[in-house]
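Engineer: Here you go, sequence then predicted model.
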Amino acid sequence: MNISALLHSLADRLDDRAPARARRLEAERERFVRNRGDNLFFGVYDSWADAERAAKEYGAVGYDQSSTVQMYEARVRREQHDYPAVYWIQRSAIEGLRSVLDVGGNIGIKYLAFRDALAPWPDMRWTVHDVSAVVEHGRKLAAERGDGASLSFTDRFDDGDGCDLLFASGVLQYLPDTLGSLLANWQTKPRRIVINTTPIHPEASYFTVNSIGTAFCPYRVQTQASLVRGLAALGYRVRENWTNPAKLLQIPGRPDRSLTSYSGFCLDRSA
């Protein structure tokens with residue numbers, strides 16, 4: 001077979017495969033839209049606004065929904081990917097840091113999961129920042145448990161201004177603004193930042209849409225350089241970084257933008 005014939009044969013096979021790929025992608029899209037119990041992703045976008053517009057086409061957008069407030073109540077336990085964060089929060093307590101802003105902390109699931117590990121420091125004050133619907137539910141549950149003295153809630157990020165430590169576990173991907181841009185407005189920035197389970201791509205920053213089962217959320221993926229650069233401009237340096245190998249991000253039809261692990265970081269601010 002000459003080169004021309006070979007090329008035509010390959011083109012014919014690719015043409016045959018294209019409809020099959022399109023059918024598979026459409027099936028994945030339908031599964032994504034109908035999802036009620038899994039953590040699924042679909043599409044790649046250049047901006048938060050583009051991902052948000054796509055999310056609105058699928059249904060309710062974001063975590064600030066009455067249908068989402070109870071979805072994490074069964075997850076108040078320490079998980080394997082939590083251990084690097086627990087280590088740095090314990091070390092922070094040993095070093096005298098006593099106030100924590102837990103960004104995206106839901107009903108206080110990490111406060112409850114880490115309670116035993118932080119028992120030697122009963123004077124630690126833990127504030128959860130989240131959307132209004134979740135904050136209201138979290139306050140109710142905390143009052144019922146009697147945790148009001150050490151656990152509080154706010155739906156205003158800037159209420160964390162002056163905290164010793166900012167903890168962001170599995171949340172930076174859901175924020176329309178980067179952490180560096182949010183912290184730039186604070187008068188007194190935290191001495192330490194502990195980030196866990198955040199999606200880091202080795203080459204590109206982009207957005208996708210996440211189906212959480214009750215709603216659809218724009219979802220940010222950063223490079224390590226872009227994340228660290230925004231915080232380095234505020235005086236932070238990386239103390240340690242790690243991977244969360246049990247976390248996956250799979251985007252149908254886009255293996256180049258899928259991830260086999262997430263990442264975590266500890267950063268300290270220079271005096």
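Structural biologist: Great, that's in hand.
Engineer: Local confidence estimate at the spatially closest residue to residue 229 that is not a sequence neighbour?
Structural biologist: What sits nearest to residue 229 in space, not counting adjacent residues and going by CB to CB, 6 or more residues apart in numbering, is residue 180, at 7.7 Å. Quick note: C-beta positions are derived from backbone N, CA and C, even for glycine. Looking at residue 180, its pLDDT stands at 97.
Engineer: ditto for residue 68
Structural biologist: 54.
Engineer: repeat for residue 62
Structural biologist: Reading off the model, residue 62 has pLDDT 75.
Engineer: before we move on, what about residue 214?
Structural biologist: For residue 214, the predicted pLDDT is 87.
Engineer: before we move on, what about residue 77?
Structural biologist: 61.
Engineer: try residue 148
Structural biologist: Taking residue 148 on its own, its pLDDT is 81.
Engineer: Can you report how many residues lie near the closest residue to residue 260 other than its chain neighbours?
Structural biologist: If the residues on either side of it in the chain are set aside, residue 260 comes closest to residue 248, at 6.2 Å by CB to CB, 6+ apart. The local packing of residue 248 (other CB atoms under 10 Å) involves 14 other residues.
Engineer: bridging residues for the nearest residue to residue 92 once chain neighbours are set aside?
Structural biologist: Nearest residue to residue 92, sequence neighbours excluded (CB to CB, 6+ apart): residue 165, at 5.1 Å. Counting by DSSP bridges, residue 165 is bridged to residue 100, residue 192.
Engineer: Just give the number of residues close to residue 165.
Structural biologist: There are 24 residues near residue 165, going by other CB under 10 Å.
Engineer: Let me see the ranges of the helices in this structure.
Structural biologist: 3-34, 48-58, 83-94, 109-113, 132-145, 179-183, 224-232 (DSSP state H).
Engineer: could I get those helices as JSON lines with mean neighbour count and distance to residue 212?
Structural biologist: As requested, the helices of the chain are exported to JSON lines (neighbours: other CB atoms under 10 Å; distance: least, CB to CB, whole Å):
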{"stretch": "helix 3-34", "mean neighbour count": "11", "distance to residue 212": "11"}
{"stretch": "helix 48-58", "mean neighbour count": "17", "distance to residue 212": "11"}
{"stretch": "helix 83-94", "mean neighbour count": "18", "distance to residue 212": "21"}
{"stretch": "helix 109-113", "mean neighbour count": "22", "distance to residue 212": "15"}
{"stretch": "helix 132-145", "mean neighbour count": "17", "distance to residue 212": "13"}
{"stretch": "helix 179-183", "mean neighbour count": "19", "distance to residue 212": "21"}
{"stretch": "helix 224-232", "mean neighbour count": "17", "distance to residue 212": "22"}
